[in-house]
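> Predicted coordinates and the sequence they were generated for:
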Amino acid sequence: MPLREKKVVAVLPAYNAEKTLQATFDDIPKDWVDEILLVDDCSRDRTVELSKQLGIRTIRHEQNKGYGGNQKTCYRTALDQMAADIVVMVHPDHQYDPKIIPQLVQPLLRGDADAVFGSRMLGGRPIEGGMPKWKYFANLFLTMVENATFYVFLSEYHSGFRAYSRRYLEGVHFEANSDDFVFDTEIIAQGVASKMLIREVPIQTRYFDEASQIGFWRSVRYGLAILKTMVLYKLHKKGVWSHPIFRPRAASGPAAPLTQTTR
């Protein structure tokens with residue numbers, strides 16, 4: 001690997017990931033990642049103990065804060081305490097292949113993008129890979145709506161395998177976002193509103209019993225939350241009303257304090 005000046009931190013938002021954490025950790029290319037951070041969202045298994053055994057910098061939430069709340073701690077810690085220039089989100093359920101990290105971070109190292117997303121649609125044959133058909137077609141529909149709303153073209157908005165530059169994370173008010181799954185869409189809407197450049201790389205996804213997935217009805221609520229975010233984005237762009245997620249940090253109050261870090 002060529003010498004690089006930017007520090008890369010992989011963040012693992014974890015919840016009951018004991019069975020898959022070892023495999024995820026083993027597949028992270030250590031020559032492309034300077035540090036690894038795991039934030040445990042009050043798991044009921046041995047995720048924290050295993051993380052410490054692996055030598056991963058570990059934070060544990062004493063109360064469950066949700067998927068979005070977990071990411072907030074990941075990003076604040078990586079930026080404020082670990083001096084990250086690039087932050088890669090890796091789900092510790094081993095659904096996404098961490099070996100793709102070099103493809104995610106290379107455009108950021110070159111300065112060619114502000115964020116890079118893994119796309120299951122570009123990866124080819126997601127249904128054959130195990131993606132439920134209802135999830136596949138819902139993904140296509142929501143992606144069509146999001147492209148039409150943002151006036152950009154991405155093949156997918158809902159992958160959880162992403163890399164952000166410091167510029168991106170400092171340029172959006174992610175602390176104001178939802179603590180639920182719609183966080184992933186809100187942070188994209190914020191980036192588009194701030195004229196951040198987003199690129200994609202193809203990935204494939206594993207579907208198996210231990211991989212975390214949300215069920216049908218929670219997916220319905222997630223889809224409705226995405227459509228609501230599209231409306232809020234349009235109101236903001238037209239100057240009608242700006243939701244707090246589109247306002248500067250100073251206008252929405254300081255970030256919440258971090259939970260104690262352990263090793």
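Okay, I see it.

> which helix is the longest one in this structure?
helix 216-237 (DSSP state H).

> and it, what does it pack onto?
helix 133-150, helix 183-193 (3 or more C-beta pairs under 8 Å, 6 or more residues apart in numbering; DSSP states H and E). C-beta: built from backbone N, CA, C; applies to glycine.

> 6 Å instead, please
Helix 216-237 sits against helix 183-193, with contacts defined as 3 or more C-beta pairs under 6 Å, 6 or more residues apart in numbering; DSSP states H and E.

> what about the helix it packs on, average pLDDT?
Mean pLDDT, computed over helix 183-193, is 98.

> Give the next helix or strand downstream of it.
Counting by DSSP states H and E, the next helix or strand C-terminal to helix 183-193 is strand 198-202.

> returning to that earlier point: can you mark which positions in the longest helix of the chain are buried?
219, 222-223, 225-226, 229-230, 232-233, 236-237 (16 or more other C-beta atoms under 10 Å).

> Report the angle between that helix and helix 183-193.
20 degrees (axes from the mean of the first three to the mean of the last three C-alpha atoms, to 10 degrees).

> How about residues contacting helix 216-237?
142, 149, 181-182, 185-186, 189, 241-243, 246 (C-beta atoms under 6 Å, 6 or more residues apart in numbering).

> now those as a markdown table including distance to Tyr96 and neighbour count?
A markdown table is the format used below for the contacts of helix 216-237 (distance: C-beta to C-beta, whole Å; neighbours: other C-beta atoms under 10 Å):
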| residue | distance to Tyr96 | neighbour count |
| --- | --- | --- |
| Leu142 | 19 | 19 |
| Thr149 | 26 | 18 |
| Phe181 | 16 | 19 |
| Val182 | 19 | 21 |
| Thr185 | 18 | 24 |
| Glu186 | 20 | 26 |
| Ala189 | 22 | 27 |
| Trp241 | 36 | 9 |
| Ser242 | 33 | 15 |
| His243 | 29 | 16 |
| Phe246 | 29 | 22 |
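
> Measure how buried Val105 is and give me the count.
24 (other C-beta atoms under 10 Å).
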